[in-house]
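Peer 1: Kindly generate the corresponding structure for this input.
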Amino acid sequence: MRHTAMVLVAIFCVGGLAYAQTAEELVHKNIQAKGGLEKVKAARTRLTMGKVKGSGRRRVSVAAFKQMNMRPDLVRKNLTLQGMTAVQAYDGSAGWHTQPFRGRKDPELMGEDDLRDLLLDADFDGPLVDYTEKGNKVEYLGHAEVDGDDALRLKVTLKDGDLIYFYLDPDTYLEIRKEIQQFIRGSVRERVVDLGSYKPVDGVMYPFSISEGPRSNPGTQVTTIDKIEVNVAFQESDFALPASLRTEDKKSGMVGVH
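Peer 2: Next up is the predicted model:
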């Protein structure tokens, strides 16, 4: 009986310690799992290349994908398919894009709806790193289930009010899923992003498999990363507004959004 009681006390204590984890502790463990803050911040630029497989109503398409990131918050994404390349870019104050697949080859300023997603990609280290300085709030919501497996759930409220729910592997503390909720003009836009196949690049762990889509069909788009390089020589001009847009009135209202 005494032995049984001691076992029960031990189980209770372990469970209590697990429950007592704070959001700050989990964020720290996540950053350590990726390689540690020093190695994470050692990257000044990042080049990501791969393929994007998307399933439409009638067919499946595969496009070449290239993303360039540069601190503090510059990003450019190229998507090439059938000899045409669509571009999305943010230069730190304004977003622009070209949409040749919609018959619009000239660069245009991005509106709020399109820019919200791009600003997430522009955050070089993601919303968990230096979250307080970025104006983000992080809460630990306890355990959850992802495809039948246990996960630790964090709720991140971004500075603009949008929400990201991070699901961490309880063994590795790496993200295995993100659920993103964006509030735009009174409506909610949601999508689910699954992350996997982590590999180290210069001592930092990155996901090489990304599956995402709306909550009703989360696997709509699958990105397979072929290569990630850091500290590649980029120039700010790689992200800058094209000359045709520099003299236009930035009617989108998104200039100076940070």
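
Peer 1: P207 pairs with what?
Peer 2: Y198 (DSSP bridges).

Peer 1: Could you tell me how many residues sit around it?
Peer 2: 18 (other CB atoms under 10 Å). In this view, the C-beta of every residue, glycine as well, is placed from N, C-alpha and C.

Peer 1: can you check V75 too?
Peer 2: Residues within reach of V75, counting by other CB under 10 Å, total 23.

Peer 1: any weak-confidence spans in the chain?
Peer 2: Counting by pLDDT under 70, the ranges of the chain that qualify are 1-20, 56-58, 247-258.

Peer 1: would you list every one of the helices in it?
Peer 2: 2-19, 23-34, 37-42, 112-122, 243-246 (DSSP state H).

Peer 1: by contact count, what packs against the second one?
Peer 2: Read that as helix 23-34. Contact partners of helix 23-34 among helices and strands, from 3 or more CB pairs under 8 Å, 6 or more residues apart in numbering; DSSP states H and E: helix 37-42, strand 137-146, strand 149-157, strand 163-168, strand 204-213.

Peer 1: do that again at 7 Å, thanks
Peer 2: When contacts are defined as 3 or more CB pairs under 7 Å, 6 or more residues apart in numbering; DSSP states H and E, helix 23-34 packs onto helix 37-42, strand 137-146, strand 149-157, strand 204-213.

Peer 1: That one vs strand 137-146, what angle?
Peer 2: Using axes from the mean of the first three to the mean of the last three CA atoms, to 10 degrees, the inter-axis angle of helix 23-34 relative to strand 137-146 is 70 degrees.

Peer 1: So what's the gap between helix 23-34 and the chain middle?
Peer 2: 16 Å (CA atoms, centre = their mean, to the nearest Å).
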